[in-house]
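Undergrad: Just the structure for this:
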Amino acid sequence: MERKFKERYLAGEIEFEAIDDYSYEWGISEETCTLREYLGLNEEEEDAWVSIGEEALYEMLEKQKG
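TA: This next block holds a predicted model:
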């Protein structure tokens, strides 16, 4: 199974902007999971992204980088 956006981003393999590509791919795929699941986000991260914006999600993920 392909690794999720969050896992790859935290590993430094992709830039944050790749979230747009992942979202698009989910939209045209036949995945039955939610976008949050597809991206590998938890509920708190999804809430920040939806209610505040990409900058809030970016900051949350940056704090998790090792």
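
Undergrad: for this protein, what are the low-confidence residue spans?
TA: Within the chain, the stretches falling below the threshold (pLDDT under 70) are 1, 66.

Undergrad: what residue lies at the spatial centre of it?
TA: When the chain is reduced to its mean C-alpha position, the closest residue under Cα atoms, centre = their mean turns out to be Leu39, at 4.0 Å.

Undergrad: excluding its backbone neighbours, what's nearest that residue?
TA: Phe5 (4.4 Å; Cβ to Cβ, 6 or more residues apart in numbering). C-beta coordinates here come from the backbone N, C-alpha and C atoms, glycine included.

Undergrad: So what's the gap between the helix or strand hosting Lys63 and the chain middle?
TA: Secondary-structure element containing Lys63, defined by DSSP states H and E: helix 54-64. Computed by Cα atoms, centre = their mean, to the nearest Å, the chain-centroid distance of helix 54-64 equals 10 Å.

Undergrad: Any buried residues in that helix, and which?
TA: Along helix 54-64, the positions that meet the burial threshold by neighbour count (16 or more other Cβ atoms under 10 Å) are 57-58, 60-61.

Undergrad: closest to Glu17 among those residues?
TA: Distance ranking of the buried residues of helix 54-64 against Glu17, using Cβ to Cβ, places Tyr58 first at 9.7 Å.

Undergrad: contacting residues for Ala11?
TA: Residues in contact with Ala11 (Cβ atoms under 8 Å, 6 or more residues apart in numbering): none are found.

Undergrad: Please tell me how far it sits from Asn42.
TA: Ala11 is 17 Å from Asn42, where distance means Cβ to Cβ, to the nearest Å.

Undergrad: Val50 now?
TA: 13 Å.

Undergrad: how close does the residue of the chain positioned farthest from its centre sit to Met60?
TA: Outermost residue of the chain with respect to the C-alpha centroid, by Cα atoms, centre = their mean, is Glu30; its distance is 18.1 Å. Distance of Glu30 to Met60, computed by Cβ to Cβ: 29 Å.
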